[in-house]
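In: turn this into a model:
(3 chains)
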Amino acid sequence: MKAAIWWIRRDLRLADNEALTAVCSRADTVIPTFIIDPQLVNGRYTGEKRLAFLWAGLRALDAQLRERGSYLVVREGAPLAELAALRQETQAEAIFVEEDYSPYAGRRDKAIAAELPLTLTGGVTVHPPSTILKTNGEPYTVFTPFSKQWRERPFPDDPGSLLPAPAQIRTPAHIAGRPLPEKPALPTAVPFPAGEAEAQRRLRTFTAGPEAPIYAYGARRNRMDLDGTAQLSPYLRFGMLSARQAVVAAREAWHQASHDNGRHGADTWLNELIWREFYISILYHFPYVLKGNFNRTYDALAWDNDAEHFAAWQNGRTGYPIIDAAMRQLAATGWMHNRARMIVASFLVKDLLIDWRWGERHFMQHLVDGDPAANNGGWQWTAGTGTDAAPYFRIFNPTTQSKKFDPDGRYIRRWVPELTAVPDAHIHEPAAMPPDLQKQCGVIVGRDYPAPTIDRQKTRQRTLEAYKQAREAV
DNA sequence: TTTTGAGTTGTTCGA
DNA sequence: GTCGAACAACTCAAA
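Out: As a prediction, this is how the structure comes out:
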């Protein structure tokens, strides 16, 4: 065919891109298109930092395209109307897209496919959610058997099988489009330069060579004071890196490992990638989880939903240093360590007894990597309302977690600078400092740093009681 | 159809 | 300080 549209949504990359590969092989000229959908940009779950990351990523993609004789066409409006108009203008005969498995995207694409020649390809996941099923054909709801099936399912995993970036992309000149928005701009505190080149660099740094951090991942990933994680989530979120590229790199590293610990590290990281696909699959098969509890038993849960407690949590002023450090890291950088996500989520849901959806929304408004599937899965896991969820009685103790995974309080001091002078012995629980020691180090709890907003002994009991009542109400 | 083994990430309490 | 049990049964997945 003469011309076709490559509609870009969450696949901002040229390498290992099935949709791009397909369009380049079938059409003489390609129209790379991004549509700013007001429904997505203005929603309650939109985050400014994530949006800024997306705009920066699109600028980087446009630069890559221009090196190959092409450019990015940006439109704004309802996708169906915009695609129909663009098709008229360019005589494009087909539209190729990477399938997005979220409920909104599914409805949108179905409606468009009814009117226009839309071809969907894989790429968001290694294995599409419709292919990992139980022997009876139903979707999995428990992670371990899902992961077993996922791992057993063959896929070409040698690096040579990854699709190359096209050397050249021919695009008709002078297709009308709008410039990308300037705002919001990416804050300098956000440690994620956008773009495919940066994603590839990070993947290499994390997985290549005998001393690669992936080999220590199993041991270091839980430490909030260390850089033990890959820091790749925003890139996977927007497809600046493909899931397959990540999995291939993990398996390569596994084969190259010189000792069991190294293999364990590589395998643990691969497991996290499978978790990502598990929650994408859960959302695909059970879209109602975006609205409420996967496990309906807990619909009867009597939340406390105290607005002041919620504000203190959001603003990092709960009086629990590890919680406050994590919440401030999120607000400043758009990212939070995975262990910290669990700790603050447990605190919100199981200490403050605030509806997990409030926390889910706050995360979506701040996370650069915010993805409905993983975010919802994580929150429901913590709340004990999800598939394969944490038992209701598993309530994180923030102080214990802090001592274990930020032993010297370096993470706390980095994000809660008013506690810098507190001695190591009290950094995890400054409220327990005797008054004369508070004077001596110049940190008076209640004046320089908030006193704890709640008594955990009481809130813990309250939560166990509330969950018990919800179970008995059924 | 029935049976069997298993299920991400914790905490507290009392011996 | 260390250790095991209790937390509570229940549901899932596969043989």
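
In: near DNA strand C, which residues of chain A show up?
Out: A:134-136, A:138, A:140-142, A:145-146, A:148-149, A:391, A:393, A:464, A:468 (CB under 7 Å from any atom of the strand). (Each C-beta comes from the backbone N, C-alpha and C, glycine too.)

In: the same query, at a cut-off of 10 Å, please.
Out: Residues of chain A lying close to DNA strand C (CB under 10 Å from any atom of the strand) are A:132-146, A:148-149, A:152, A:294-295, A:297, A:384, A:387-388, A:390-395, A:464-465, A:467-468, A:471-472, A:474.

In: among these, name the buried ones.
Out: A:132, A:139-141, A:143, A:146, A:149, A:294-295, A:297, A:384, A:387-388, A:390, A:392, A:395, A:467 (16 or more other CB atoms under 10 Å).

In: out of those, list just those in helices.
Out: Of these, the ones assigned to helices by DSSP state H are A:143, A:146, A:149, A:467.

In: would you list these in JSON lines and tack on distance to A:His366 and pLDDT?
Out: As requested, those are arranged in JSON lines below (distance: CB to CB, whole Å; pLDDT from 0 to 100):
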{"residue": "A:Phe143", "distance to A:His366": "26", "pLDDT": "92"}
{"residue": "A:Phe146", "distance to A:His366": "29", "pLDDT": "93"}
{"residue": "A:Gln149", "distance to A:His366": "34", "pLDDT": "93"}
{"residue": "A:Tyr467", "distance to A:His366": "28", "pLDDT": "88"}
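
In: for those residues, work out which two are farthest apart.
Out: A:Gln149 and A:Tyr467 (31.2 Å; CB to CB).

In: does A:Ile31 sit in a helix or strand, and which one?
Out: strand A:29-36 (DSSP states H and E).

In: tell me the average confidence for the helix or strand that that strand is followed by?
Out: Counting by DSSP H and E, the element after strand A:29-36 in chain order, helix or strand, is helix A:38-41. Computed over helix A:38-41, the mean pLDDT rounds to 93.

In: what of stretch A:195-206?
Out: Mean predicted confidence for stretch A:195-206 is 98.

In: are that stretch and DNA strand B in contact anywhere?
Out: No - Stretch A:195-206 does not reach DNA strand B (CB under 10 Å from any atom of the strand); its nearest approach is 17.7 Å.

In: can you dump the C-alpha atoms of that stretch in CSV for me?
Out: Output in CSV follows, covering the C-alpha atoms of stretch A:195-206 (Å, rounded to 0.1, in the frame of the first residue of the first chain):
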residue,chain,number,x,y,z
GLY,A,195,13.5,8.9,25.5
GLU,A,196,14.5,5.6,24.0
ALA,A,197,18.3,6.3,24.1
GLU,A,198,18.2,6.9,27.8
ALA,A,199,16.0,3.7,28.4
GLN,A,200,18.5,1.6,26.5
ARG,A,201,21.4,3.1,28.4
ARG,A,202,19.8,2.3,31.7
LEU,A,203,19.0,-1.2,30.6
ARG,A,204,22.6,-1.8,29.6
THR,A,205,23.9,-0.3,32.8
PHE,A,206,21.6,-2.5,34.9
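
In: identify each buried residue in that stretch, please.
Out: A:195-196, A:198-200, A:202-203, A:206.

In: report the distance from that stretch to the chain centre.
Out: Offset of stretch A:195-206 from its chain centre (CA atoms, centre = their mean, to the nearest Å): 17 Å.
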